[in-house]
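Asks: from the sequence below, what's the structure:
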Amino acid sequence: MRKLFIEDLKLAGKRVLVRLDYNVPGDAEGRVTNDARITASLPTLRHILAEGASAVLCSHRSRPKGDEPRYSLRPVAARLEELIGLPVGMARRGAVVSDEARNMAAALSPGELMLLENLRYDPREQEGREELARELASLADLFVNDAFPVCHRKDTSVVGVPRFLKSAYGYQLREEVENLSQLLGEVQRPYVGIMGGAKISTKLGVVKSFLERVDRLLVGGGMAYTFLAALGREVGGSIHEPDYLEYAKDLLLRHADKIVLPTDHYVVERIDPACKARLADEIPADRAAVDIGDATRRRFAEEIARARTVFWNGPVGYFEDSRFAEGTRSVAREVAKLKAKGAFTVVGGGDSVAAVEDAGLDSASFSFVSTGGGASLEFVQGKELPGIEALTDR
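Replies: Numbers count the residues shown, from 1 in each chain. Prediction:
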């Protein structure tokens, strides 16, 4: 990249504001239930501290309404302490950039670090407010962005702070960019894209972009039923978007040879604890599809087995309910077989990462598992991400 990297910065004796992605899941009390994103931040933090700098860490967590305690970053600080083996200070409850937080930042010695409270406790974070950007920048001498999943956003901590501090990207962000960039140039073929999730509207751009590049696009989830409805098929109560039927129809006309849709389905009358899904070639008007069927799983597996490059984003069924997750698990298992055969396989963040874990697999089963979600989808379309563009040029 043409932006400054963390190793380009002279860190000794400096205080560094680090934007991280600590948007980690938690239980009802907010305790961390998956620390993968915290672990992923350690290389950047260890480099900063080893170079004789101190660090002020910041992140958001979920979408709090006000300062909901269950979205506090205090449990994150506790887990980070265990992983990094150092105290992680936090100001008491109050403003994100409170007087106490300022005093704590000013008192940091080289090799020490602290964590600010959830950035989204301050509504100015998502408003792109310069006032908050100045407050955050006042805590440090330099800025490092290592939060790829928010780089497609224009939040204050992402694009505002770099206006006031020399800014660079960290190790995790570099890993994301280096791996996802491999999908933008010449790739090994066949190149298979797998798209799922509920809505075509949120992924229309990436679907159009992918259809210009891939050899096959396997479509599942609610997105598939928008395509099937566009073909005039009965979709019953299945999730689909009637407002996007013309878009789907146009894509089908132009790329009929590439788009692979479900040919059978598991359907239910309604989703409740007692419901049982049954296999159907056609969806009855009084039923809803909740997963791809057995024949579709076999067809998807055949297409995946031939692939030399795969990008997968989104579950192909209602996988949040384990009764309807087998189609998504089967996709995960089939993609996982390819790495050992020399294929390049990317899992594109968001629910796909959860689906990988649900299938009993880990990141080592794939060439790369992105944390990016929406950022990954924008990047693989070749779009410039605001959070990266905001960083200091080399």
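Asks: go through stretch 135-148 and flag the buried ones.
Replies: Residues 135-137, 139-148 are the ones in stretch 135-148 that count as buried (16 or more other C-beta atoms under 10 Å). Heads up, the C-betas are built off the backbone N, CA and C, glycines and all.
Asks: got it, and stretch 318-330?
Replies: Neighbour counts over stretch 318-330 (16+ other C-beta under 10 Å) mark 318-319, 323-330 as buried.
Asks: min pLDDT across those residues, which one?
Replies: Within the set of the buried residues of stretch 318-330, pLDDT is lowest for residue 319 (87).
Asks: can you tell me the helix or strand for that one?
Replies: Counting by DSSP states H and E, there is no helix or strand that carries residue 319.
Asks: got it, and residue 167?
Replies: Using DSSP H and E, residue 167 maps to strand 166-169.
Asks: next structured bit after that strand?
Replies: For strand 166-169, the following helix or strand on the C-terminal side (DSSP H and E) is helix 171-181.
Asks: show me what the lowest-mean-pLDDT helix or strand in the chain is packed against.
Replies: Here the helix or strand of the chain ranked lowest by mean pLDDT, DSSP states H and E is helix 351-358, holding a mean of 82. With contacts defined as 3 or more C-beta pairs under 8 Å, 6 or more residues apart in numbering; DSSP states H and E, the packing partners of helix 351-358 are helix 326-336, strand 368-370.
Asks: what residues sit buried inside it?
Replies: 351-353, 355-356, 358.
Asks: then stretch 104-124?
Replies: Neighbour-count burial for stretch 104-124 flags 104-105, 108, 112-122, 124 (criterion: 16+ other C-beta under 10 Å).
Asks: remind me which residues of this protein are low pLDDT?
Replies: For the chain, the stretches flagged by pLDDT under 70 are 349.
Asks: okay, now the domains of it?
Replies: 6-174, 182-379 (automatic domain parsing).
Asks: the buried residues of helix 351-358 into TSV, with extra columns for distance to residue 65?
Replies: Formatted as TSV, these follow (distance: C-beta to C-beta, whole Å):
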residue	distance to residue 65
351	23
352	27
353	25
355	28
356	30
358	28
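Asks: which single one of the residues you listed is nearest to residue 364?
Replies: Minimum distance to residue 364 across the buried residues of helix 351-358 is 10.7 Å, recorded for residue 356 (C-beta to C-beta).
Asks: what residues are up against that closest one?
Replies: Shown in contact with residue 356 (C-beta atoms under 8 Å, 6 or more residues apart in numbering): 332, 347, 362-363, 365-366, 369.
Asks: before we move on, the earlier item: so for residue 385, which of the domains of the chain sits nearest?
Replies: domain 6-174 (4.2 Å).
Asks: could you tell me the end-to-end distance of that closest one?
Replies: By C-alpha to C-alpha, to the nearest Å, the extent of domain 6-174 from end to end equals 10 Å.
Asks: can you start the count at 578 instead of 1 from here on
Replies: From this message on, residue numbering opens at 578, which makes the last subject domain 583-751.
Asks: now find how far off-centre that domain is within its chain.
Replies: Its chain's C-alpha centre and that of domain 583-751 lie 18 Å apart, by C-alpha atoms, centre = their mean, to the nearest Å.
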